[in-house]
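> Please find the sequence and the predicted model below.
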Amino acid sequence: MSSSRILRCMRMSAIVRDRPIHLLDYWTRSNLGNPSLRRWLHGSQIQRHGNVTRPEPGTGIKLHFKDSKGNLLKTVEANEGDDILSLAHEHDIDLEGACEGSVACSTCHVILSPEHYDLLPEPSDDENDMLDMAFGLTDTSRLGCQVHITRELDEMTATLPSATRNMFVDGKKPTHH
């Protein structure tokens, strides 16, 4: 079946036995066994970004957040594998993350303590491209969405820059919706 025919089914609905049904739902249920449709329909699990489970107090990996002037904002505890952006959002720390961790902006730019920066793997080419657009770039700058916490990073400090650069929003006047 062509993709245009599938799209037509998605937009159509009908009335069967005095109740509305969506033809795509009906069509999908009746054609699930068709092997040529497996590339159109799949049942993969939904991926959620920023899903953080707080560890029991005293058992997590400590991460310190500081503002651009060096004042401590908050010390949080993390589980191994959590990323800095998700932790900041979970603990109400003002780290934007406009692209929701897809490495398409630099709004989650953080400056890490030098002794911990060296323990991290090298940033990817995509991350380096986004960091080039970050405001206040330093030698120990990383994107918070790309830094995953490990036991070796216990007591790491992430300093927020004084400003961020969001290419979509900066320079635009907000409009009322």
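Arrived safely, thanks for sending. The shown structure was predicted, so the numbers you read here are calculated from the model rather than taken from an experiment. Numbering: from 1, shown residues only.

> Would you map the strands across the chain?
13-16, 19-22, 61-66, 72-78, 109-112, 141-143, 156-159 (DSSP state E).

> between these, which gets nearest to residue 165?
strand 109-112 (8.5 Å; CB to CB). Yep, even glycine has a C-beta here, placed from its N, CA and C like the rest.

> Which elements pack onto the closest one?
Here strand 109-112 is seen to pack against strand 141-143, strand 156-159 when contacts are counted using 3 or more CB pairs under 8 Å, 6 or more residues apart in numbering; DSSP states H and E.

> what's next to the shortest one, contact-wise?
Pointing back at strand 141-143 there. Outside strand 141-143, the residues within contact range by CB atoms under 8 Å, 6 or more residues apart in numbering are 85, 103, 106, 108-112, 117, 120, 123, 127, 130-131, 134.

> Quick check: of the residues you listed, which lies closest to residue 160?
For those, the nearest to residue 160 is residue 110 (6.3 Å; CB to CB).

> OK, contacts around the closest residue to residue 77 other than its chain neighbours?
What sits nearest to residue 77 in space, not counting adjacent residues and going by CB to CB, 6 or more residues apart in numbering, is residue 60, at 2.8 Å. By CB under 8 Å, 6+ apart, the contact list for residue 60 reads 54, 76, 77, 78, 79.

> contacting residues around the first one?
Neighbour list for residue 54: 60, 77, 90 [criterion: CB under 8 Å, 6+ apart].
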